[in-house]
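Enquirer: Here's my sequence, what's the structure:
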Amino acid sequence: MNLQDSVILLYCIVAAAALIYLPFLVVASGRVQVGYDLSAPRAMFDKLPPYAQRATWAHQNSFEAFMIFTAAALMAYVTGQHSSLAVGSAIAFLIARTLYSVFYILDIPLARSLMYAIGSACSATLFVLSLLSANTP
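Expert: Predicted structure coming up:
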């Protein structure tokens with residue numbers, strides 16, 4: 001087993017966790033623009049500019065995608081998936097999710113949906129590879 005390839009899966013999980021907060025930086029910018037209200041930060045959502053509202057949605061969706069990806073990447077790690085397909089899927093997930101947030105914030109729905117599908121396919125690939133490996137004697 002190539003240790004470096006298996007460790008890449010773990011690094012991808014850490015990177016995916018950090019990517020959750022990428023859109024939140026844009027939300028913070030929008031909050032500063034409208035005047036941040038410390039006493040009611042969630043109540044100010046309707047006051048945010050449209051790009052910051054979309055960034056909020058991208059941020060929230062990132063939590064959902066992260067949970068699925070983390071389960072898939074950990075399964076791949078535990079079952080010893082170190083193929084170029086497994087590593088490539090983990091890296092492609094990070095790229096797709098980064099672009100997902102960018103396209104969401106820029107309001108490019110078709111590209112955003114494509115990145116969502118690619119990210120989901122990457123997680124599914126890791127699940128399938130892991131299950132195939134676990135069922136092989």
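Enquirer: What's the mean pLDDT across stretch 25-33?
Expert: On average, the pLDDT along stretch 25-33 is 87.
Enquirer: buried sites along the helix or strand that contains Gln60?
Expert: Using DSSP states H and E, Gln60 falls within helix 50-78. Within helix 50-78, the residues that count as buried by 16 or more other CB atoms under 10 Å are 51-56, 58-59, 61-62, 65-66, 68-69, 72-73, 75-77. C-beta: built from backbone N, CA, C; applies to glycine.
Enquirer: go on, stretch 94-107?
Expert: Leu94, Ala96, Arg97, Thr98, Leu99, Tyr100, Ser101, Val102, Phe103, Tyr104, Ile105.
Enquirer: so what's the third one up against?
Expert: Shown here is Arg97, whose contacts under the criterion CB atoms under 8 Å, 6 or more residues apart in numbering are Ala16, Leu19, Ser62, Ala65, Phe69, Met115, Gly119.
Enquirer: Settle this for me: the second one is touching Leu94, isn't it.
Expert: Yes - under the criterion of CB atoms under 8 Å, Leu19 lies in contact with Leu94, with a separation of 6.7 Å.
Enquirer: which one of the buried residues of stretch 94-107 is nearest Ala40?
Expert: Nearest to Ala40 out of these is Ile105 (CB to CB; 23.5 Å).
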